[in-house]
Every structure is written in structure tokens, then in C-alpha cells.
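Asks: with the input below, show me the fold.
(3 chains)
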Amino acid sequence: MHPALQGLITIVVGVGGCIAYYYFSNLFLDKVLFPAKGAMAGRNINRANMVRPWLFLMPALVALGLYLAYPVFATIHLSLTQRVAGGGFEFVGFENYVKMSGEPKFWEALTNNLFWLIVVPAASTAFGLLAAQLSDRIKWGNVAKSLIFMPMAISFVGAAVIWKLVYDTRPAGQEQIGVMNAVWLSFDEGSIWSFLFLKLVPILLVAGFAVAIALMTWALAKPVVQRNGPVSGWRTAAAVLVGAGAVWLIYKSIFGILGIATASLPYGEPQTWLTMPFWNNFFLMAVLVWIQTGFAMVILSAALRGVPEDTIEAAIVDGANPFQIFFQIKVPQIMGTIVVVWTTITIVVLKVFDIVYAMTNGQWETQVLANYMYDKLFRANDWGVGSAAAMVIMLLVTPILVWNVYNARKEMR
Amino acid sequence: MKCKLYASAAALALMASGAVAQDLSFPVGEGAFNWASFEEFKAANTGVAGEVLTIAGPWLGPDQELVESMLAYFEAATGVDVKYVGSDSFEQQVRIDAEAGSSANISVFPQPGLTADLAKLGFVAPLTDADADWLRNNYAAGQSWVDLASFAGPDGNPGLFGFFYKVDVKSLVWYNPENFEDAGYAVPQTMEELKTLTDQMVADGVTPWCIGLGSGGATGWPATDWVEDLMLRTQTPADYDAWVRNDLPFNDAKVVAAIDEFGWFIDGDRVSGGKGAVATTDFRDSPKGLFASPPQCMMHRQASFIPSFFPEGTEMGVDADFFYFPAYAEKDLGKPVLGAGTLFGITKDSPAARAFVDWLKTPIAHEVWMAKSGFLTPHKGVNTELYGDATLKKMGEILLGADTFRFDGSDLMPGGVGAGAFWTGMVDYAGGKSAQEVADAIQATWDGLK
Amino acid sequence: MDNIVGKKSGLTWAVHISMALLVALWLFPTVGLFVSSFRTSDQIATSGWWSSLGTQERQNPAIRIEGDVVEVDGQFTISGNLFGRTGVTVGAWGTNSREPQAYGPGETVDLGEGQALTVRENGDYTLAAPSDFGDQRLPRVFTTAETPPEFTLNNYSAILFDQRNVDGMAKAFFNTLTVTIPATIIPILVAAFAAYALAWMDFPGRALLIAAIVGLLVVPLQLALIPLLKLHNDIGIGKSYLGVWLAHTGFGLPLAIYLLRNYMVGLPRDIIENAKVDGATDFQIFTKIVLPLSFPALASFAIFQFLWTWNDLLVALVFLLDSSGETTVMTKQIVELMGTRGGNWEILATAAFVSIAVPLAVFFAMQRYLVRGLLAGSVK
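Replies: Numbering: from 1, shown residues only, chains lettered A, B, ... in the order given. A predicted model of the protein is given here:
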């Protein structure tokens, strides 16, 4: 039999089985178990409606339970145990966590991960939103969208190769094969272009980031600050926490601007981008932003198209300029989608592993938690610490979790 | 539904097999091969015909074709159906499969450290005492091969868990003979001469060395080979062994001195691109500097596999050649050679797997690969005239002329050190940290693993 | 009025230009890889891909003289072209690595022992000697030459048409489809039902379930591998298509449910409530109203899930590829081509474009539906 036919049969069996489950289980529920006729019709309908959600949910719950929840519990268990010689595990309490917190590599990974968590979702969502908005207004928008989406279709390994080529360094005097160094070497000290691209643009970018943070914090804080009457304790605590984080980021940005303004750059020398401490993290993040922007763009573009025309028309009649329309009419209406995109990318970031693994393997201070975990699991064969690192990754997502529970409960009221 | 799936999967398997069997590259009975050992083995192993033997290893691409050409003879002799699968992430793959219970019958370990890990957990079946005796008697320096493959089992008792087959020599310096001729340089015979030559080149305005440590997730490993080679050239073999076992701490002055010896080679103008470029240059790209115009460097120290990364059309012996990475004349440590090898271990026992171990003892199993390329063997019973080319033969001579043969130390250290802290430590060293700092950090990791 | 129109067109220009910049920025790295996929590995490693687009003056590595010896009147000569093609202009040449630019084009140089070598501007060379060369090593020539762009299709033919792996590649292609199609459809189907239940059906514990699903989003895949493979081995699935489908389904579900539920919650409440009043069952509402309305979300998720499964190697390695080697997938095949020590940029570059072809085609095909679905539906 031809492999194509073989594949087709397996596909039909697999997918057909799934569809059959939903159709027949539903039929069974309505016709056999609780038929909506006869004396018990009313009660049966109610009962059927109580059972039906679980019918719909069951395959999903089974798959989730088996493939994700079960490993989570296995991981919690593993993180509290240690392998004993000759096979088997013994319970050691929190020893693995203590051991992990004693490793500088772990703290390096945690700090780096925090940077990743701020930069990548923000940049991807911002670029995605920009691309979505711009492409909706021009004729060749679909072509443009496809081109921006393209990195999504390249595997992580492929992406790592592409960017290695971009960041490649050859010794001074040889021809550079990496774009970054070729561009870098074309800058001269004191020329107007160097000033424009290496001082002004970065300063503006950092300043923009600081302003965006300030605005966002204010938007979040306004309702809390201005609310009259009793304010719940945890709400205030959260506000203070967010505020402190924002102040810290702004403070850092100001220092960054000063740093850029005063730095004397090593013109004319090829740079090894991936080994510059601290900055190399951003070069790695660029790869993920490059990939994830396509994702953000596709989802946000769908949401933007869904914004009702009449609200926009009303704004135009009121004399709003395009920027006001975008920021005051469109963005608030798709806020829900933006949050979804942000969350999704945050989660991708927490799991990011391939890029770091393929490009630096966490050396030169670029370690991240997922790669740290992989290292412990499959290189050092230390399941205890590896699982403990995984628990930290899961812990980092708790704020998102809380936020979602909060939203889900709000919806239900 | 499941039933049907099985049926179709089985049909799929049936349909696809049959295309696997490879032709024998050297007809049985012809040439200077030890065909007697083939026939003898064939007669002794008739009971396993029809069995399936799965082998998992790290070889892919051209290497996979080579190993399969050897396996074809085993198939022809026994009627066993051999399936070889290579993986580029073999180290992780073998762990996952072992933990989950879906190991191949035979796993080809590139690092004894990995075998030791799995053996300790009970995932590798021990070989017999007869196997160990055979190795002692028939491999050059047999006892050392037995020692290298003997680890503590799950019960804590030591046993032989692997069979070395296919050896690499690492103490080689590659160069372009014509570039040497053009400049009037001679191949150095001692480490003193090598260092003088290096300084001579710098004085002439030529960059002596190309060194690249980049290797994606494994960045740093080429430097571990350097340090091991220099360890063997500055300290006694006993010290080397103690170091590998951590009886000699990593931050001992002797080890720090060896690291600094390596530092000498990457210092100043001695290396292409300067010290800063060493860690980021990919090890696969760095030898290309030998062939550039004008040459970016004159010498490159790397193991026997590196010619596959030379530019296309490079002719061995004409465009490129190698010499033994020499030892200090004054230190009287003989001619040490650093090497590595692959270890065949039984990860799922079966009669065919045992027969395969016996197969590895026959000279013919070595000769059919020797006659092709990229294969060195310590088997004393093979016909060395069969080596596929002059290069291999010359490497074989270096191997046989060694006063001391030591296995790649980083492969013997625990994974967290040999495939972790040691690599990253060397990257840090090339990045400017002091040898002492780096050695202290590696020792700290090692302490953490105990 | 003019003022407003002028402003508007100015803004349109700004939109066009910024979009073009953004696209260029995003495309640039990929173009680099694309151009590289038509170059040989030596070219990739020695010069920037952008320089291959125009004529470049460069010092080339040594080329050894070879060819048949012709004897004319006791004079032995070997002649040929250094580059094997036309268009190259030699600026300077030499025979010694220390003086690679010693001579100009057209010069005849005495190499000693009566041998004379001439290299002309177009790369033609003539080596003449009074006696036969025998086994003597022939000289090598260093050139500094202007080279016009040169591209090769060898990388593609090595991946797609090499006789040795053509069968393997075809098999891998169908296997990959067999993995990806169900691994895309099954999770979407399962997630759509679950998302509907979580969005529009009332039952106790709903909020908790949603929270749990979001929590499961972050479970690192690597952790799940060993316990699950163990499980598969225990219940007899082993390494098989069923196993890899289930695994992909499990790993893809949280995001699918999360995205779809968020979309479905936004559907207009009155449509669904009207249908309920009209006596439609949940099953009918789902299949007749919610599913068609959610098409854009389903399509976007389908694209992403397809891409992930298509580009996946890890899950396939663990749950599908057994040691029999019969079930190979594209990514595996490509990794194999790269050889044990990997890092062959030309193969990687080419492979990336071979494997990107199908996902891109899917994206273009689905994009039409995406837009149509959006325009047809009354989406929030």
C-alpha cells in the first residue's frame, strides 16, 4: 500500500474516532440515558444539562490530567526526593531547593528570566499591534503580514542558525559574515550617523520604554488611588508592588540613558555579541521577539478587525485624530485580546529553552530557568534539582493564574 | 480503533523493511581480510537467526553509513535483522529511553561517564568475565580498556559494562605543509620546539594558531582536550588519573598550571583573532583559517575527525597534514597520547545482543571498517595493512607508538563536570578569568555532585 | 479641505514607509538564510551573504593546478582555467602563501627547474616545463580576483533529490503529515468542545477549571517526557502514532482551550440566548452557531498547532521514533543529513526552507479563510 494511503487511513481513523465520540455520546445522553420525553421529560432535560458539560469536557480533562497534571504532581514529588544509588528515590524534604538556591547559576537564570519576562512579551505585543494596525490600512497588508509571520514557521533550531549568522564574529581584518558586525564596522567615531543610530535612537527607545511603563502604571493605579471608601489590603499591596516595580524600571531606564549617552564605544573593532555580559541577553531576546511578533500580529489583527465600525465612525465625527482613534477607541476594545496575547507570550518565554540552548547554552551569563532545568535533568542527571527548577518556573506563572481566576470570577458575577 | 491502528502500523512496518539491508562492501573471501574469523563466527552463531537487534548510537550522516556497512556483515553472518538509529541528541535520548524502559538492545556510548551513570542505575547489563579476559588478552593495553569500561553496578559491585570499539586519537596538530614550506618552518619534535616555532611565527608576523571553542550547547569542549593533553605533558599519568577521579582536586596547583599552559597558546598574537575570539569561534570553522589566503593561522590542534570540516577538495597529505602534539623533552614523560572511543553497552539483553558482543571480538568486524575511513582500533589481531588511507595508518602509528595512552578526561568525569562545569569554566578562562578562579569554580561544582 | 487631504496622504505615506521598514527588519535575517541556502559551505564561512549579490574583489584560497599534460615539441604543458567558469577577473596572483599578490595578470613566472607559469586575467593558466611532471606535486595559485555572483542549487538537490535519501525523505514527508494532521485536528476538536463548556455552560467548579488550565500552560514539556513514555509503555501504546498524537494533543490543549474560550466568551450573548429560548440544545448551539462563528479563532490556532507539530523534533523523538527507524519525520531526516557533528550551515539553511514551505502554504491557504471568517461573523 502506498504510504500516502496508509497515512490517510490512520488519519481518518484517528480523527473520525474523535468526532464519533462527541456525536454518539451526546446522542446517547439525549436519547437513551435521559430521553426528553415521557413523564420524566422535564427532570431528564435538567439532568442531561447537568451531565453535558462534563461530556464536552471529558476528553480534554482526561488528556490534560494525564499529560500535564500528572507530570506536575510527579515533578512536585521528584523535587522533594533524591536518587539513591542502585535505583529508586528517597525523600529529602526541601534539600534540593536549598541546594539550588546555593548555586549562583540559578540566581543568574532567575534574574535573566525576569528580564525576558518584561522585554519579550512587551516588545512582541507592541510590534505585533503596530504591524496589525499598519497592515490593516494598506493594500499590500496581507503580503506584509505573511512576511512578518514567516519566522513563526521556522523551527527554533532554524531560527538559532539564522541569528547565529547575524551575530557571527570574525577576527578584525577578516571579512565579517555576520550582518551585525558588518553594520557595526561601518560606523565611524564622531560621524553624524553614529550619533543618530548609536546614541539618539537607543536613548529615545529607552525613554519611550520608561514613559510607557509610567503611563501603564498610572492607568493601573488610577482606579486604586482614586477609589473612595474602604480599600482591601491585598489590592493595596498589589498596587504598591506594581508601583515599586515600575519605579525600579524607570530608575534603571534613566541610568541606561545616562550610560548610553556617556559610553565610549569601541568603534572599528568587531564585537562578539553573544559574549557581552548583560547585553547578550537582549540579543537572544531579539530572536524570540522576532518569532513571536507574528503570533501577536495574527491574533491582534483578528481582534482589530472585529472592532465595530460605528464606534470608529463616531470618533471620526467627533474629530479624533488617527492616534486618538487607535489608542482611545481601538486599544481599549481589544484589551482582552492583548492580555491573552501577552499571557501566551509570557508563557512561551517561561518555557524558552531551544534558543538559549542552541545559541549559548546559558554561558556568558545568559542562563534561563528552562535551560537550567534541562541541564540538570539530562546532563547532570540530577532529577531532584531539575524538578525544583521546574517548580520555580511554575511558581513564576502564579500571578497570571491569580489574574485569570480573578477575571473568571468577575465574569461570572 | 486501537486494533486497527496496530494493524496499519504493522503493515507500515512490513512494507518499509527490506529496503534496509545493505550490500557487503567487500565481497566475502576476497582481499587480505581475516575471513576465517568471519566463517568461524558464522558457524558458532546460528541460533539467533531471525532475531531483531536494535542499536542506538550517536553516528549520523556519513558515519551512519560506515557503521551500517560494518553491521551488514553481522547480519550476513547471523541472519539477525539489525536496525541502527542515530541521534544527534543521543546523550539525552538514551537517558529518556532508559528511564522509560524503551531502550535499544545495544547503545553506543560516546562517553564512558554516561555509561557509568546508567550502569549505576541498573540500565546497562554487565558483560561477562570472559569478555573482560578477552579484552585483556587481545587489545593493546588491554587492562586499561577493561578499567575504562568497568563501573559500579546498581548493587555497588564493579563490573564490565561496555566494549570499546572504534578509537580516536586527539593529540594531533594539523597544518598546511605548503604554508610551512613557503615560510621554511619545520615540524617540531618536542614541546620546546613547538613553543619556539610559535614565537618564531609571531615574530615573522604570522598567526600561529587557530583555536575555536564554539559548539552550540557544548561550547568549550575543545579547550578541555587542550588542558588534558597539556596535563599529560606536564604531569605524570598517575596524576592525570587522580585528577580524573578527583583524588587530585581540580584546583590543585598542577591542574591550574596545565590550564595556564593552555593560556600560553591563546595569549597575545599567538591565536587568530586574539583571545577574545577563541570562545565564540565555532570549532568547525576554526580549521578553515589554515586554508585561507593569506593564511589566518599555521596550526590547529584537534582530534582525528576534523578533516571533515576542511574546505571541500582538500587533499590529505598534500593540502593538509598533521603531526603528533609533542611532549616536553626535558620532562621525561615519554610520548603521551590522548584519545577517546565509543563504548558498546547492552541496554536490553537478548541472545542477539550477546552474539553482537562476540562479533566485536572478531578481527573482521574491525577490518571492514578500518578499510574504509575514520576508524582506529587497538585490536592486536587485525591486519594493519588494511587501513583505508595513509592518514589513518599514520594515526595508527601514533597510537601504537604511545608510551602512555589516556582517555579523554572530561568524558570520564561526572556529566555535570565533564560535560558542564569544565566546558563553561574553559569559556570563562578564555574570557579573561584566572586559571585559579576557574579551577575553584569547577571543583566547587564537583563537590556539589558528591 | 485641502489641508486635511494633504495630511491624510502624508499619514498614508508614513504608514507605508513604517510598514516597509518593519517588514524589511523582519525579513532581513530570513533573506540572509535564503541567500545562504544557494551558496556552498565554504562561501558561507568566508564572506557575508550580502556580498554574494554583487561583484566582489576578494583573495581566494589556493587553487591547485591540475589537468592533462600535453607534449608539444618536447615542451610539456598543462593548461586550463582556475575557476572553471567565466566572468572572474584576476587582479593579482602568487604561488607562495606569504606573497599571494606577487604577480599581475598575464605575467609569466619562473618557478625554477625550467617550469614557467602564466595566469591570465580571465583565470586561464599555462604551466610549461621542459620535462614531464610525473608524480611531482603541482604548484598552487593564490588569486585576488573580482568574482561575479555565483549561486548553486546543490544544497537543494542534496536534500531533495539525492538518490540515497530520496526514499527516506518521501517516507518522512508522509509520516510527518500522518503525525501533524491528526495532531492538529484532534486537539482543536477537543478544545472547542471544552472551551464552549467553559464559556457558555453553567456548572460548579468552572472558574477553578479555567484557572487550572491556565496553570497547566506553563508545564515544561521536558518534565513530562519520561513519566509519559513510561505510561505509554505500560499501557501498551509504546512508541507509535497514537502515542505521538495523544502527546501533541495533551501538550497543545491548554493553549487551545485558553485561546478558544477567550474568543467564545466574546461572542454576542443574545444570539446564544435566543437560540436557547428557541429550544436549541447545547450540542446544536455549539455545532450550528458557536463553531461557525469561532472559525477565525479555530483557524488561527490550527495554524499555530500545525506549525508546532511540523517543526517538532523532541516529542517525535520521544514518542514516535523507535529504534526500528521506520517512523522517521522530516525534522529527524534533516538532522540526520547534517551529520554527527552538525553545524553545516548550507544544509541547515536549505533544510529550513524546505521545511518552511508546507507551513507557509498552509498559512497562505488558511489566511483567506481567516479573513472570510472574520468578515462573515459578527465578532466582538
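Asks: ok, now how distant is the residue located most distally from the centre of chain C from residue C:117?
Replies: Ranked by distance from the centre of chain C (CA atoms, centre = their mean), the top residue is residue C:73, with 58.2 Å. Applying CB to CB, to the nearest Å, the value for residue C:73 to residue C:117 is 19 Å. Where C-beta positions appear, they are placed from N, C-alpha and C, glycine not excepted.
Asks: can I see the domain layout of the chain?
Replies: Chain wasn't specified; assuming chain A. With automatic domain parsing serving as the domain definition, the record reports that chain A contains domains spanning A:3-61, A:109-180+A:272-413, A:188-267.
Asks: please go with chain C instead
Replies: In the domain annotation for chain C, the residue ranges read C:2-36, C:55-148, C:156-376 (automatic domain parsing).
Asks: buried residues in whichever strand or helix holds residue B:135, which are they?
Replies: When secondary structure is defined by DSSP states H and E, residue B:135 falls within helix B:129-138. Residues of helix B:129-138 classed as buried under the neighbour-count rule (16 or more other CB atoms under 10 Å in any protein chain shown) are B:131, B:132, B:134, B:135, B:138.
Asks: who are the packing partners of it?
Replies: For helix B:129-138, the contact count by 3 or more CB pairs under 8 Å, 6 or more residues apart in numbering or on different chains; DSSP states H and E identifies helix B:142-148, strand B:158-160, strand B:163-169, helix B:351-361 as packing neighbours.
Asks: what's the distance between the shortest one and the middle of its chain?
Replies: Computed by CA atoms, centre = their mean, to the nearest Å, the separation of strand B:158-160 from the middle of its chain amounts to 22 Å.
Asks: number of nearby residues for the residue of the stretch 151-300 of chain C found nearest chain A?
Replies: Nearest to chain A, among the residues of the stretch 151-300 of chain C, is residue C:250, at 2.5 Å (CB to the nearest CB). Residue neighbour count, defined by other CB atoms under 10 Å in any protein chain shown, stands at 28 for residue C:250.
Asks: quick one: pLDDT of it?
Replies: Residue C:250 is assigned a pLDDT of 89 by the prediction.
Asks: contact partners for it?
Replies: Taking CB atoms under 8 Å, 6 or more residues apart in numbering or on different chains as the contact definition, residue C:250 lies against A:63, A:64, A:66, A:67, A:68, C:224, C:228.
Asks: so which of these sit within helices?
Replies: When helices are assigned by DSSP state H, the members of the contacts of residue C:250 inside them are A:63, A:64, C:224, C:228.
Asks: hmm, residue C:215 and the second one touching each other?
Replies: To tie it back to what came earlier, the one meant is residue A:64. No. Taking contacts as CB atoms under 8 Å, residue A:64 lies outside contact range of residue C:215: 10.3 Å.
Asks: isn't residue C:191 right up against residue C:256?
Replies: Yes. Distance between residue C:191 and residue C:256: 3.4 Å, which falls inside the contact criterion (CB under 8 Å).
Asks: what do those two both touch?
Replies: Looking at what touches both residue C:191 and residue C:256 (by CB under 8 Å, 6+ apart), the common residues are residue C:301.
Asks: residue B:348: which of the domains of chain C is closest?
Replies: Proximity to residue B:348 (CB to CB) singles out domain C:156-376 among the domains of chain C, at 9.3 Å.
Asks: how far does the closest one sit from its chain's centre?
Replies: Here domain C:156-376 shows a centroid-to-chain-centroid distance of 19 Å under the convention CA atoms, centre = their mean.
Asks: separation between the closest residue to chain B within the stretch 101-250 of chain A and residue A:276?
Replies: For the stretch 101-250 of chain A, the residue positioned closest to chain B under CB to the nearest CB is residue A:171, at a distance of 2.8 Å. From residue A:171 over to residue A:276 the distance is 17 Å, taken as CB to CB.
Asks: got phi/psi on the residue of the stretch 151-300 of chain C closest to chain A?
Replies: Backbone dihedrals for residue C:250, given as degrees, to the nearest 10, come out at phi -60, psi -50.
Asks: count the neighbours of residue A:249 for me.
Replies: By other CB under 10 Å, neighbour count at residue A:249 equals 17.
Asks: same check, this time on residue A:255
Replies: As a burial measure, residue A:255 scores 11 neighbours (other CB under 10 Å).
Asks: before we move on, what about the one 3 residues further on?
Replies: Residue neighbour count, defined by other CB under 10 Å, stands at 11 for residue A:258.
Asks: any buried residues in the host helix or strand of it, and which?
Replies: Under the criterion of DSSP H and E, residue A:258 resides in helix A:233-262. Counting neighbours by 16+ other CB under 10 Å, one finds that the buried residues in helix A:233-262 are A:239, A:243, A:246, A:249, A:250, A:253, A:256, A:257, A:260.
Asks: average pLDDT for that helix?
Replies: In this model, helix A:233-262 has a mean pLDDT of 79.
Asks: and that helix, what other elements does it pack with?
Replies: helix A:201-226.
Asks: hmm, the helix it packs on touching chain C?
Replies: No. For helix A:201-226, no contact with chain C is found by CB under 8 Å from any CB of the partner chain; the gap never falls below 12.6 Å.
Asks: residues near residue A:204, how many?
Replies: The criterion is other CB under 10 Å. On that basis, residue A:204 has 11 neighbouring residues.
Asks: tell me which residue is most central in chain A.
Replies: When chain A is reduced to its mean C-alpha position, the nearest residue by CA atoms, centre = their mean turns out to be residue A:345, at 1.8 Å.
Asks: residues contacting it?
Replies: Contact criterion CB under 8 Å, 6+ apart gives A:120, A:121, A:124, A:125, A:292, A:295, A:296 as the residues in contact with residue A:345.
Asks: what about it, helix or strand, and which?
Replies: For residue A:345, the secondary-structure element it belongs to, assigned by DSSP H and E, is helix A:335-351.
Asks: any idea how far residue C:32 lies from chain A?
Replies: Plainly put, residue C:32 is 6 Å away from chain A if you go by CB to the nearest CB, to the nearest Å.
Asks: typed the wrong thing, it's residue B:324
Replies: Separation of residue B:324 from chain A (CB to the nearest CB) stands at 28 Å.
Asks: give me the phi and psi for that residue.
Replies: Here the main-chain torsion angles of residue B:324 (degrees, to the nearest 10) amount to phi -70, psi 130.
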